[in-house]
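> when you get a sec, could you give me coordinates for this:
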Amino acid sequence: MVKTRGKRSHMIKNKWYEIECAEDVLTDILSRLPVKWLLICKSVCKLWNRVISSQLFIDFHLMQSRKCPCFIIYPYRDLHLQLYVMKATELKTMFTSPFWENEYNLCIIASVDGLIFCVNHALLGNTTDKDANDLEIRIYNPATKNVLLLPRGSPSKKLPRIGVAFGPKINDYKVFRFFCARHNPPAEGKSRPNCYCEVYSSNTGSWRVIGHPPGFPMPANQGPLLGSNHIFLNGKVHWFVASKEDRKVPGSILTVDVEENFGKIDLPQKITKCSYLVNLEGCLSLLVVYDESRMLDIWILKDCHKLKWEKKCSVLSPFSELEPISAVVALKSEILFITGFHYLLYNVEDRIWRNLVNMPDPLEQRRHPAVFTYTESLLSTYGRPSDPEAGETSNGSST
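Residues are numbered from 1 along each chain as shown. Model prediction:
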């Protein structure tokens, strides 16, 4: 019996050795594990550490994770960044940020491939009149706990607007920052617009002014002015621009692509201040809620080249006129609304509303919630390394 067990154990070890020798098989097996287990597996042996740390594995793991996206919820702004992951209407995980200086009033503005982009005001103790309207921008991977504080941008007369673009390679990102210059010297005797756009690239690690945008993005519909209702889709970042008649109502959509070209998209009709941009089944979509009737119109830009809108549907919303919408996001064919009283999920195909229960926070604690789609990843906050075989060599900068 002892010999039989010993022989069987020897056979199992030989089989596992064969798997380890075939790195593509080992990669396929490990890529199905969540990040918290992968971080533990890096300590098993040098081979596993090398495989998991390689950029090829990080890319492959992300491709696997993209098959199962979920919602990530930031229920209220507090002293610490607490994030909840929701899968199939159930809360699965909670991420709590590691301590870094100046966590107060963090506002999440984007979530792409496992990286969370946050902004907040500079520390009051370090703020001068020159920096009064500046924002700190952090990139945070909640799965690996790595965080990067971006360098300061150009001084601005008013709060900057931020947007994030990814591509064309995995973890090549650009952060677009719209600001109003403090000094506006005339050019050839003519006045010049004082609004500029600058871009931070993960490839360079620095800011660069790219010119005058054709419009200035609007702030978020609800919540703090630090946020902005923007999405990245089909290689472009999209923001609302205020109409000339009413600065609280969107009048058009401003775009900028990863090649740093500006564009404009007209809206299908006059809309309300309670309007949102979402990524619905891979298409730029416009959600419009009308105050009096509480009807919800869903428009879809089917052809991003011809820029032609189609109305998907018009449905009666379940929230009342006294129930402000705080956050909206779409995942596949479902749209999640966080209001002053409820978490509501609408399925566009089935035309069914669901009121979600057992959600993160009681009503009295909810202050400016945010919700985004989320895909767990091992991506570095520093962006893609120049050597595709290199893994993440730094634990990030916590400031």
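> kindly check the end-to-end length of stretch 156-167 for me.
28 Å (C-alpha to C-alpha, to the nearest Å).
> quick one: average pLDDT of that stretch?
Stretch 156-167 carries an average pLDDT of 89.
> point out where the stretch 251-399 of the chain drops to low pLDDT.
Judged by pLDDT under 70, the stretch 251-399 of the chain has its weakly predicted residues at 360-367, 386-399.
> quick one: the strands in it?
262-266, 275-280, 283-289, 295-303, 308-316, 325-331, 334-339, 343-347, 352-356, 370-374 (DSSP state E, counting those that start in this stretch).
> ok but F240 is inside a helix, no?
No. Per DSSP: H, G, I helix; E, B strand; the rest coil, F240 lies outside any helix segment and is strand.
> mind pulling up the pLDDT for it?
94.
> which residue sits closest to L150, ignoring its sequence neighbours?
Leaving aside its sequence neighbours, L150 sits nearest to I137 (C-beta to C-beta, 6 or more residues apart in numbering; 4.4 Å). For the C-beta atoms, the positions are set from N, CA and C on the backbone; glycine is no exception.
> residues in contact with the one you found?
Neighbouring residues of I137 by C-beta atoms under 8 Å, 6 or more residues apart in numbering: 117-119, 149-150, 153, 162, 175, 177, 200.
> could you redo the last one with a cut-off of 10 Å?
For I137, the contact set (C-beta atoms under 10 Å, 6 or more residues apart in numbering) comprises 109, 117-120, 148-153, 160, 162, 164, 175, 177, 200.
> so for it, what's the pLDDT?
On the pLDDT scale, I137 gets 91.
> same question, the one 3 residues further on
Per-residue confidence at Y140 stands at 93 (pLDDT).
> give me every residue that touches R384.
55, 58-59, 169-173, 202-203, 390.
> kindly recompute the last result at 6 Å.
169, 171-172 (C-beta atoms under 6 Å, 6 or more residues apart in numbering).
> check the gap between the residue nearest to L150 and C107 for me.
Remark: distance between I137 and C107 (C-beta to C-beta, to the nearest Å) = 10 Å.
> need the overlap of contacts for those two.
In contact with both I137 and C107: V119, using C-beta under 6 Å, 6+ apart.
> the spatially closest residue to F372 that is not a sequence neighbour - how many residues pack around it?
Of all residues not flanking F372 in the chain, S111 sits nearest, at 3.7 Å (C-beta to C-beta, 6+ apart). S111 has 23 neighbours, counted by other C-beta atoms under 10 Å.
> again, but for K92
10.
> show me the contacts for the closest residue to it other than its chain neighbours.
Residue nearest to K92 in three dimensions, not counting chain neighbours: V85, with 5.0 Å by C-beta to C-beta, 6+ apart. Residues near V85 by C-beta under 6 Å, 6+ apart: 70, 72, 92-93.
> if you set the cut-off to 8 Å instead, what comes out?
Contacts of V85 (C-beta under 8 Å, 6+ apart): 70-73, 91-95, 374.
> likewise L254?
213-215, 217, 238-241, 262-264.
> cool, and A242?
Residues near A242 by C-beta under 8 Å, 6+ apart: 218, 248-251.
> try 7 Å this time
218, 249-251 (C-beta atoms under 7 Å, 6 or more residues apart in numbering).
> make sure L47 is indeed in a helix.
Yes. Assessed by three-state DSSP, L47 belongs to a helix.
> got a pLDDT number for it?
Listed pLDDT for L47 reads 87.
> ok, it to L30 distance?
Taking C-beta to C-beta, one finds L47 at 11 Å from L30.
> neighbour count: the two, which is higher?
L30 (20 against 12).
> now that one, what are its backbone angles?
For L30, the backbone dihedrals (degrees, to the nearest 10) come out as phi -70, psi -30.
> what separates it from W37, distance-wise?
Distance from L30 to W37, by C-beta to C-beta: 9 Å.
> do the same with Q269
For Q269 relative to W37 (C-beta to C-beta), the value is 50 Å.
> format the strands of the stretch 251-399 of the chain as TSV; extra columns: distance to S43 and mean neighbour count.
Output for the strands of the stretch 251-399 of the chain, formatted as TSV (distance: least, C-beta to C-beta, whole Å; neighbours: other C-beta atoms under 10 Å):
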stretch	distance to S43	mean neighbour count
strand 262-266	48	14
strand 275-280	38	21
strand 283-289	44	22
strand 295-303	48	18
strand 308-316	49	14
strand 325-331	34	22
strand 334-339	37	22
strand 343-347	39	19
strand 352-356	38	14
strand 370-374	26	23
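> what's the closest of those strands to E23?
strand 370-374 (28.8 Å; C-beta to C-beta).
> and the angle for the closest one with strand 343-347?
On the basis of axes from the mean of the first three to the mean of the last three C-alpha atoms, to 10 degrees, strand 370-374 is oriented at 50 degrees to strand 343-347.
> what residue ranges in the stretch 1-150 of the chain score low on pLDDT?
1-22, 77-80, 98-104, 122-133.
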